[in-house]
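*Asks:* Turn this into a model:
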Amino acid sequence: MSERLVIVPTYNEIENIGKIVEAVMGLPAETDLLVVDDRSPDGTGQRIRELQPKYRDRLHLLERPGKLGLGTAYIAGFKWALEREYRYVCEMDADLSHDPNDLPRLFDACNHDRADVAIGSRYISGVNVVNWPISRVLISYFASVYVRLITGMKVRDATAGFVCYRRAVLEAINVDQIRFKGYAFQIEMKFKAWKYGFRVVELPIIFTDRREGSSKMSGRIVSEAVWGVVRMKIASWFKQYPRPGTEA
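*Replies:* Sure, this is the predicted structure:
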């Protein structure tokens, strides 16, 4: 078993999942892959089962009974990782908008550069987004501005879904207490890591919109993020965040 794990949540990603598997399995440093599939009607889970014999003990599948939300998929993956001996856990999308070749940089930031959370950031060096309509770029960019304003957190890409965590971060956060289910999940994870005093760094990446399949974004997800950030900030006023290795 590798000390590195990549978690990829899927729902109807049959066009992309094989490419993701081949890319992760082909990384220079041995890296395991966990696919969390919400019983995709298009056969995504079945495709993983077909590939598992080729990558025995490195390619894993966690199947859930139905579409339960992005945040809960990652939480299930994090808990699966914590039950094993992984030291570094990275999350990424299944649609190839995140380049698997950037994974070593995220892992190395947590391994050699002593970061606790390494974010593949679209906005740390300008706006590095390809093939998105300008309206969505603006929504995403100003969402992060909004998060910085409300929370005080200095992360420039708060909604980024390409992130590597040290094991200690996931243990401290207690993923069972993460409230958000959609893309606001990404904000909450970063906010709690920051509040606990972990070192959060951003590395520039180029984000390319999906070429295959369809987006899962919805108005409800956006609404959760907008109002959820305010509630999250207020709730933080009544909670202690002892630094790792200290007592509350």
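*Asks:* doesn't R4 make contact with T31?
*Replies:* Yes: between T31 and R4 there is a contact under C-beta atoms under 8 Å: 4.5 Å. (C-beta placed from N, C-alpha, C; glycine too.)
*Asks:* any residues in contact with both of these two?
*Replies:* With contacts defined as C-beta atoms under 8 Å, 6 or more residues apart in numbering, the residues adjacent to both T31 and R4 are F107.
*Asks:* More neighbours: which of those two?
*Replies:* Comparing T31 with R4 by other C-beta atoms under 10 Å, the one with more neighbours is R4, at 24 against 21.
*Asks:* quick one: contacts for that one?
*Replies:* R4 touches A29, E30, T31, D32, Y86, R87, Y88, C90, F107, counting by C-beta under 8 Å, 6+ apart.
*Asks:* From E91, how far off is it?
*Replies:* 12 Å (C-beta to C-beta, to the nearest Å).
*Asks:* From the rest of the structure, what touches whatever helix or strand L106 lives in?
*Replies:* L106 is part of helix 103-111 when elements are defined by DSSP states H and E. With contacts defined as C-beta under 8 Å, 6+ apart, helix 103-111 is touched by 4, 6, 24, 27-29, 31, 88, 90, 92, 115-118, 120, 162-166, 201, 203.
*Asks:* try 6 Å this time
*Replies:* Outside helix 103-111, the residues that touch it by C-beta atoms under 6 Å, 6 or more residues apart in numbering are R4, Y88, C90, A115, A118, C164, R166, V201, L203.
*Asks:* What ranges does this protein have for its helices?
*Replies:* For the chain, applying DSSP state H gives helices covering 17-25, 44-51, 70-82, 103-111, 134-151, 167-173, 184-195, 219-236.
*Asks:* wait, which of those helices is closest to D57?
*Replies:* For D57, the closest of the helices of the chain is helix 17-25, at 11.7 Å, according to C-beta to C-beta.
*Asks:* what helices or strands is that closest one leaning on?
*Replies:* helix 44-51 (3 or more C-beta pairs under 6 Å, 6 or more residues apart in numbering; DSSP states H and E).
*Asks:* Can you list the low-confidence ranges for this protein?
*Replies:* 210-225, 243-248 (pLDDT under 70).
*Asks:* you'd agree Y196 is up against Y241?
*Replies:* Yes: using C-beta atoms under 6 Å, Y196 is in contact with Y241, at 4.9 Å.
*Asks:* burial of E3, as a residue count?
*Replies:* 16.
*Asks:* Please apply the same query to I139.
*Replies:* Neighbour tally, I139, other C-beta under 10 Å: 15.
*Asks:* what's the distance between it and V175?
*Replies:* 27 Å.
*Asks:* Kindly report the same for R39.
*Replies:* 22 Å.
*Asks:* The two: which has the busier surroundings?
*Replies:* Each of R39 and V175 has its neighbours counted (other C-beta under 10 Å); V175 has more, 20 against 14.
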